[in-house]
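1. how would this look folded up:
(one chain, ligands or ions: 1)
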Amino acid sequence: MASDQLVGEVREPVRARAGTEPVATGEEPGRDSGRPLRGTWALKTGLARMLKGGVIMDVTTPEQARIAEEAGAVAVMALERVPADIRAAGGVARMADPDRIRAIMEAVTIPVMAKCRIGHFVEAQILEALGVDFIDESEVLTPADDRFHIDKHAFTVPFVCGARDLGEALRRIAEGAAMIRTKGEPGTGDVAEAVRHMRRMNEQIRQACAAGDEELVVLARDLGVPLELLQEVRRLGRLPVVNFAAGGIATPADAALMMQLGADGVFVGSGIFKSENPAARARAIVEAVAHYDDPAWLARISGGLGEAMAGVAAASLAADQRMQQRSA
Ligand SMILES: O=C(CO)[C@H](O)[C@H](O)COP(=O)(O)O
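-> Numbers count the residues shown, from 1 in each chain. Next up, the predicted model:
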């Protein structure tokens with residue numbers, strides 16, 4: 001596929017080639033051979049687009065995964081501990097035990113995502129071998145490499161990555177991320193950082209849209225991103241892949257806030273399974289994302305959910321406790 005060819009609503013980035021071409025099967029796959037295409041940029045970004053308008057829930061057990069599916073989650077994220085518990089436990093946070101991930105995959109019919117450490121391409125290889133539907137190269141786990149993110153083009157499975165601003169988002173997309181999530185501050189139950197990141201992203205996208213050709217060259221240099229991707233943002237008026245909100249979403253109102261700020265959907269981890277009534281809260285958050293611009297609906301579904309997670313103000317965290325700063 002030519003690098004400038006349109007794939008749905010987005011162009012394929014120049015580097016989205018090696019490893020994302022159709023899997024070699026001895027004959028050329030595709031329409032003529034009748035064999036399915038796998039691992040193309042179109043499929044990776046298309047799967048992410050299918051999740052738009054939905055809620056992706058962190059789960060640590062098959063039971064939690066079933067609660068998430070019954071509540072209407074569009075996907076689950078399998079991990080060892082939700083971010084609030086990762087904070088509390090301290091130590092090194094790694095990819096979940098493959099047996100735990102397999103058990104979660106067997107428990108539900110919706111897509112299953114799983115996290116690997118930033119730069120830990122072997123954890124990613126293992127997750128791909130397990131057959132997960134998406135890999136999250138996540139700052140919630142302890143980074144394995146302080147310089148390099150994973151070359152995500154080298155994988156058939158699609159990746160989601162966190163970003164605090166347009167520069168981070170486009171660098172991750174250049175590396176092959178098919179989906180972005182604003183980072184927020186995971187495990188706090190405080191939505192303020194998720195808001196900050198979404199607003200910053202929106203502001204920088206508006207700046208790119210208003211820029212002339214020469215200005216865009218300078219903006220690409222300042223953000224440290226490929227000019228071609230920034231041109232794509234200007235053409236589309238948005239990121240070239242879906243952008244969910246994450247990190248600190250704890251109530252239906254938080255979820256609706258992020259949707260009104262322009263998120264394509266939300267990730268919720270600690271906010272559900274560290275609350276008093278996870279099943280009810282999970283259902284309400286799904287409802288809130290579906291009806292994010294209907295205050296009367298939000299008022300109706302926000303009551304009687306029991307205690308929200310206790311949480312901690314993100315602004316009170318010391319720099320070394322801020323997961324969002326673990327990569328750029
Ligand atoms: O990396 C993530 C999404 O993939 C986190 O699991 C997500 O940000 C959850 O954070 P929180 O526990 O604050 O909801």
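2. Identify the residues contacting the residue of the chain found nearest the ligand.
-> The chain approaches the ligand most closely through residue 269 (2.8 Å), counting by Cβ to the nearest ligand atom. Where C-beta positions appear, they are placed from N, C-alpha and C, glycine not excepted. Going by Cβ atoms under 8 Å, 6 or more residues apart in numbering, residue 269 touches 57-58, 77, 79, 82-84, 140, 186-187, 246.
3. Skip the chain neighbours and tell me the closest residue to it.
-> Nearest residue to residue 269 in three dimensions, chain neighbours excluded: residue 58, at 3.4 Å (Cβ to Cβ, 6 or more residues apart in numbering).
4. Establish whether the strand or helix carrying the one you found and the ligand are in contact.
-> In this assignment (DSSP states H and E), residue 58 forms part of strand 55-59. Yes: judged by Cβ under 6 Å from any ligand atom, strand 55-59 and the ligand are in contact via residue 58.
5. Return that strand as CSV; C-alpha atoms alone will do.
-> Coordinates of each C-alpha in strand 55-59 appear next as CSV, following Å, rounded to 0.1, in the frame of the first residue of the first chain:
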residue,chain,number,x,y,z
VAL,A,55,-15.7,2.1,27.9
ILE,A,56,-12.6,-0.2,28.3
MET,A,57,-12.3,-1.5,31.9
ASP,A,58,-9.2,-2.7,33.7
VAL,A,59,-9.8,-6.2,35.2
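6. buried stuff in that strand?
-> For strand 55-59, a neighbour-count test (16 or more other Cβ atoms under 10 Å) marks 55-59 as buried.
7. ok, residues contacting it?
-> 64-65, 67-68, 71-79, 82-83, 104, 113, 244, 255, 265-270, 272-273, 282, 285-286, 289.
8. hey, C-alpha coordinates of the lengthiest helix in the chain in CSV?
-> Looking across the chain with DSSP state H, the single longest helix is helix 192-210. The C-alpha trace of helix 192-210 is given here as CSV (Å, rounded to 0.1, in the frame of the first residue of the first chain):
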residue,chain,number,x,y,z
ALA,A,192,-7.8,16.7,36.8
GLU,A,193,-4.8,15.4,34.9
ALA,A,194,-6.9,13.7,32.3
VAL,A,195,-8.6,17.0,31.8
ARG,A,196,-5.3,18.8,31.5
HIS,A,197,-4.0,16.4,28.9
MET,A,198,-7.1,16.4,26.8
ARG,A,199,-7.3,20.2,26.8
ARG,A,200,-3.6,20.5,25.9
MET,A,201,-4.0,18.0,23.0
ASN,A,202,-7.1,20.0,21.8
GLU,A,203,-5.2,23.3,22.0
GLN,A,204,-2.2,22.0,20.1
ILE,A,205,-4.5,20.4,17.4
ARG,A,206,-6.1,23.8,17.0
GLN,A,207,-2.7,25.4,16.7
ALA,A,208,-1.7,22.9,14.0
CYS,A,209,-5.0,23.5,12.1
ALA,A,210,-4.3,27.3,12.1
